[in-house]
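>>> 3D, please:
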Amino acid sequence: MTTLSPQSLADLWYLKFGNAWVTRDDLDTEWKKIGRELMRNNLADYDLVHTQNSIATIEIIKLKETCR
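Numbers count the residues shown, from 1 in each chain. The predicted model follows:
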């Protein structure tokens, strides 16, 4: 198993999603793990968005611009 550095994971994230906000629920399991790793290493921001009816809260993730 090859382990990539956090910066390499950030590069992969940028290639796939660019600098856009991504809904965590739309990510498959591996990309969720990458998103968590990026947040742990201060390479990604996250926010919680409330839906219109306030029933659900959606987590969104975005790569920080400084790591491109």
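>>> how about stretch 53-68: buried residues?
For stretch 53-68, burial by neighbour count (16 or more other C-beta atoms under 10 Å) applies to 60-63, 67. In short, each C-beta sits where N, CA and C put it, glycine included.
>>> apologies, that question was intended for stretch 35-47.
Buried residues in stretch 35-47 (16+ other C-beta under 10 Å): 35, 37-38, 43-44.
>>> any idea which element Lys62 lies in?
strand 57-63 (DSSP states H and E).
>>> so what does that strand touch, helix or strand wise?
helix 6-17, strand 22-23, helix 29-40, strand 44-50 (3 or more C-beta pairs under 8 Å, 6 or more residues apart in numbering; DSSP states H and E).
>>> partners of it in the sheet?
Paired strands of strand 57-63, with direction, are strand 22-23 (antiparallel), strand 44-50 (antiparallel) (DSSP bridges).
>>> isn't Lys32 right up against Asp26?
No. Lys32 lies out of contact with Asp26 (C-beta atoms under 8 Å); the separation is 9.8 Å.
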